[in-house]
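Trainee: fold the stuff below for me.
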Amino acid sequence: MWRILVAVTAGLFGVAQAADRKGPEASNGGRVILFEDFSQGMDRWWVEGGERVWIENGRLRVKADPGKSGRGYVATVWCKVPHPADVKIEFDAHVIGSSLDVNNINFFFCYSDPSGRPLFETRQGRASGGYKLYHNLNGYIFTFLKDTRHEAGLRPDGLAKARFRMRRCPGFKLVAQTFDYLCEAGRTYHVTVTKRGGELTYAVDGTVFLKQTDPQPLPGGLLGLRTFRTDLWWDNIKVTALR
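Mentor: Residues are numbered from 1 along each chain as shown. You can find the predicted model right below:
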């Protein structure tokens, strides 16, 4: 049984967090195994789907919003550098626009093929970036987007809440969901994903919105930056091994 706790306040550590994201120094006793600011291009990445993916102003720009009849409305950008089972992953994400106003900021991690084949070797089979192509792989999916259907009502300021979800694959199993905070275009969000054993948390701007325990935690694997019907950029991706 999954133990699900949502909307847990992580505390006021914005100043320390801002300093932590500046570079590849070790933090909290961990060992930084990747710091990506895209100053060296995309040598450590590959793309599945999308209209266009490129480096712009030192950031990873991902455009996957071609209109009703266009292709490339989904995209996954994989990092070739594997991460361990116990890990903290941080990144900045900024939605430029979304024709459906979904502002979709998704994240894959601990991803691998149950057969043992490297994901890079099987990438042609996922060239379209279709969502179902990832559901039979091992991995966790975190979803962070705008609640355009207002399923949980509006915030007191009249803005739509963000929807946070966690799924576990294979099987695309929904194991956590909450509606809180916001996910607006034109704003930069700092996301922190942490996994220690079976304990997983997902935080945005210093607040933990999803926290759950996986009784059969996945090992390490690859991380992927994922979006749907959204034009956005990613930057300052920092991966810290916790053991």
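Trainee: spatially central residue for this structure, please.
Mentor: Ranked by distance to the mean C-alpha position of the chain (CA atoms, centre = their mean), the top residue is Phe107 at 2.1 Å.
Trainee: check contacts around that one.
Mentor: Under the criterion of CB atoms under 8 Å, 6 or more residues apart in numbering, the contact partners of Phe107 comprise Ile89, Phe91, Ile141, Phe142, Phe144, Val191, Val193, Leu223, Gly224, Leu225, Arg226. For the C-beta atoms, the positions are set from N, CA and C on the backbone; glycine is no exception.
Trainee: name the SS class of the spatially most distant residue from the centre of the chain, please.
Mentor: When each C-alpha in the chain is compared with the mean C-alpha position (CA atoms, centre = their mean), Pro156 comes out farthest, at 27.1 Å. Reduced to three states with DSSP: H, G, I helix; E, B strand; the rest coil, the structure at Pro156 is coil.
Trainee: this protein: helices as residue ranges?
Mentor: Using DSSP state H, the helices of the chain run over residues 14-20.
Trainee: could you pull up the mean pLDDT of stretch 65-74?
Mentor: Over the span of stretch 65-74, the pLDDT mean works out to 87.
Trainee: do stretch 138-158 as well
Mentor: Regarding stretch 138-158, the rounded mean pLDDT is 97.
Trainee: between the two ends of it, how far is it?
Mentor: When the termini of stretch 138-158 are compared using CA to CA, to the nearest Å, they are 38 Å apart.
Trainee: equivalent analysis for stretch 44-52, please.
Mentor: Looking at stretch 44-52, the gap from its leading to its trailing residue is 17 Å under the measure CA to CA.
Trainee: repeat for stretch 157-175
Mentor: For stretch 157-175, the separation between the terminal residues is 29 Å (CA to CA).
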